[in-house]
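S.K.: missing the sequence, but the structure's below:
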């Protein structure tokens, strides 16, 4: 009886010791994201992905999400990841266009579609195809790329169905490409940060804004906006990265498992989550009486002609640096047309 009790005690002790060792050896990744805990992508994508990483590595790799840029500003995430200040995070190529010229392809005017899932899958496939785009992320481990749905034009009162009706409209915009697009289309752009747009719309400082659908309702802009011009004008790309030294400490088997739930799968998941939010909010806006003016093919061709010089300049500048911008643009347009 005594020997049986001793054997049981030894077994329990060994389990505790090995269990403690396993827990101690588990790698915990501090992951910085810009979204707050209630954001659809925080709940639907990054929480899901963190759970998947833990599952596919049998707990050997864990991800702790830090919301609302708790560890690093979104504009500094790339350098913070390289230095190891954070183990991973997300940011946008548009914040450093010189560093990520090709990864910003869907930021170019009237390339993206209304589907973020389609945009995101295309962007990741372009990354897989072009070594020049892969080189832009050589200092880190790129986990996946994704985009939001395309930007549209939204107005408090003005109804815009063609270029003539857009002429002179005061529209808020952010980012250099967005402001260039608005100006080329004949609007009068105002550079405003996102937090200031609601108040500017409310006070009549601007007549409309240039944004995708998902931010409108959470930021209460839908309380004021009544009409929408749908032309799929551009999209914002995002990258999700990890510190390279930390990645190299993960076993090849676990690296493979992590990439099976990252890469194209995570790109599609991210886009799909954005699309679901867009579908839900557009249906709600239609129910409250908003009007939507979708540019027909002939009219949209006129708008494309207005912004084409912006794309041409982007191509010419990058080609002069030896980058295959022309081929990347042609591939993007072909993939998205299918």
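M.R.: Received, thanks. Predicted, not measured: the structure shown is a model, and the values here were computed from it.
S.K.: contacts, neighbours, all on C-alpha from now
M.R.: Will do.
S.K.: can you pull out the helices in the protein?
M.R.: 2-25, 40-41, 47-56, 77-83, 116-129, 131-135, 163-166, 176-184, 194-203, 244-248, 252-260, 263-287, 297-320, 325-337 (DSSP state H).
S.K.: which of the residues in the third one are buried?
M.R.: Judged by neighbour count using 16 or more other C-alpha atoms under 10 Å, the buried positions of helix 47-56 are 49, 50, 52, 53, 54, 56.
S.K.: need those residues in TSV with pLDDT and distance to residue 179, can you?
M.R.: What follows is the buried residues of helix 47-56, written out as TSV (pLDDT from 0 to 100; distance: C-alpha to C-alpha, whole Å):
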residue	pLDDT	distance to residue 179
49	98	34
50	98	36
52	98	39
53	98	39
54	98	42
56	98	43
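S.K.: and which of these is nearest residue 172?
M.R.: residue 49 (34.1 Å; C-alpha to C-alpha).
S.K.: dump the residue contacts of the closest residue to the closest one other than its chain neighbours.
M.R.: Nearest non-adjacent residue to residue 49, counting by C-alpha to C-alpha, 6 or more residues apart in numbering: residue 261, 7.1 Å away. By C-alpha atoms under 8 Å, 6 or more residues apart in numbering, the contact list for residue 261 reads 49, 52, 53.
S.K.: low-confidence ranges, the stretch 201-338 of the chain, go.
M.R.: By pLDDT under 70, the stretch 201-338 of the chain contains no weakly predicted segment.
S.K.: who does residue 65 bridge with?
M.R.: residue 31 (DSSP bridges).
S.K.: so that it lines up with my notes, have the first residue be 848 from now on.
M.R.: All set: I'll call the first residue 848, so the last point we hit is now residue 912.
S.K.: is it true that it touches residue 881?
M.R.: No - distance between residue 912 and residue 881: 10.3 Å, which falls outside the contact criterion (C-alpha atoms under 8 Å).
S.K.: hmm, back to that, mean neighbour count, the helices of the chain: which tops it?
M.R.: helix 963-976 (a mean of 23; mean count of other C-alpha atoms under 10 Å).
S.K.: quick one: contacts of that helix?
M.R.: Residues outside helix 963-976 that contact it (C-alpha under 8 Å, 6+ apart) are 950, 952-953, 959-960, 980-981, 991-997, 1084, 1110-1111, 1114-1119, 1121-1122, 1175, 1178-1179, 1182-1183.
S.K.: mind doing that once more with 6 Å?
M.R.: 980, 981, 992, 993, 994, 995, 996, 1114, 1115, 1118, 1119, 1122 (C-alpha atoms under 6 Å, 6 or more residues apart in numbering).
S.K.: for residue 1048, see how far away residue 1079 is.
M.R.: Residue 1079 sits at a distance of 22 Å from residue 1048 (criterion: C-alpha to C-alpha, to the nearest Å).
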